[in-house]
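Student: dropping the sequence and predicted coords here.
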Amino acid sequence: MKYFHRQVQLWGEEIQRSLQDKRIAIIGSGGLGSSLSFALGASGIGEIHMVDFDEVSLHNIHRQIAFKVGDEGKNKARINAQLIEERCPYVKATAHECDFDTFAKLGIEVDLIIDATDNLPTRAAINTYARSVNTPWVYGSVEAFNGQVCFFDEASFEDVFKITQKTPAGIAAPIVMHIASLQANLALRYLAGLSVKKDYLYYLFFNDEGELVTQKFGLPKS
């Protein structure tokens, strides 16, 4: 409990111990996934599955905080899993060097799925799988200085978004960390048994005057 002292102050030893029984899957180990590894990897969640087939490229490193120069060519999920266990020996982190469809076929039961991908088709696949196994998931996306977050429970991703193969635009590094932080907060509150606003899409952006604007939209339940 000394390691988790600040969290124990927040919600007590009983809830902190309960996190040891929780299992999550983070789909994608790049920008959002790296920040999620830092935010959730040392929180005391018992089991974290990192999923990514991709390898580190030099242009990833400025916004994907788990990686450093010299990591080029290494698998992203493996680096993140190692980082989690180095920072917190009370968490079991497993790397899956594969795409989401392959991971889904493994049939690993988790309490929550967190989207850290960068394309709409994979998010649609996560949504379909999550609904089939009755597991909630946390969506997050970033582009330029903008970001979106949603805790999907009864709503369907495909009812809200048109699924296309859109190529992402440029991305500022801080918005990646910001959106991942919001995803992590939703995830940790849910796993700790605290209230979470479900099926609510939050859209954050900087307007032309540099003001941070947050909009929120209730989503229809399917």
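Tutor: Thanks, I have it.
Student: any low-confidence regions in this protein?
Tutor: Within the chain, the stretches with pLDDT under 70 are 167-168.
Student: go with 90
Tutor: 1, 160-172, 221-222 (pLDDT under 90).
Student: the helix or strand encompassing Phe103 - contacts with which helices or strands?
Tutor: Per DSSP states H and E: Phe103 is located in helix 100-104. Under the contact definition 3 or more CB pairs under 8 Å, 6 or more residues apart in numbering; DSSP states H and E, helix 100-104 sits against strand 23-27, strand 47-51, helix 120-132. The way it works is simple: take the backbone N, C-alpha and C, and place the C-beta from them, glycine included.
Student: just give me how far the second one sits from the chain centre.
Tutor: For strand 47-51, the distance from its own C-alpha centre to the chain's C-alpha centre is 10 Å (CA atoms, centre = their mean, to the nearest Å).
Student: quick one: the helices in the protein, in order.
Tutor: For the chain, helices defined by DSSP state H occupy the ranges 5-18, 31-41, 76-87, 100-104, 120-132, 157-160, 173-191.
Student: nearest to Leu219, of those?
Tutor: helix 157-160 (5.8 Å; CB to CB).
Student: the nearest residue to Ala104 once chain neighbours are set aside: how many residues sit nearby?
Tutor: Using CB to CB, 6 or more residues apart in numbering and skipping the chain neighbours, the partner closest in space to Ala104 is Tyr129 (4.9 Å). A count of nearby residues for Tyr129, using other CB atoms under 10 Å, gives 18.
Student: so what's Tyr129 up against?
Tutor: Each residue near Tyr129 by CB atoms under 8 Å, 6 or more residues apart in numbering is listed here: Phe100, Ala104, Ile113.
Student: likewise Asp159?
Tutor: Going by CB under 8 Å, 6+ apart, the list of residues near Asp159 reads Leu219, Pro220, Ser222.
Student: most neighbours among those, please name it.
Tutor: Neighbours here mean other CB under 10 Å. Within those, the largest count is held by Leu219, at 18 neighbours.
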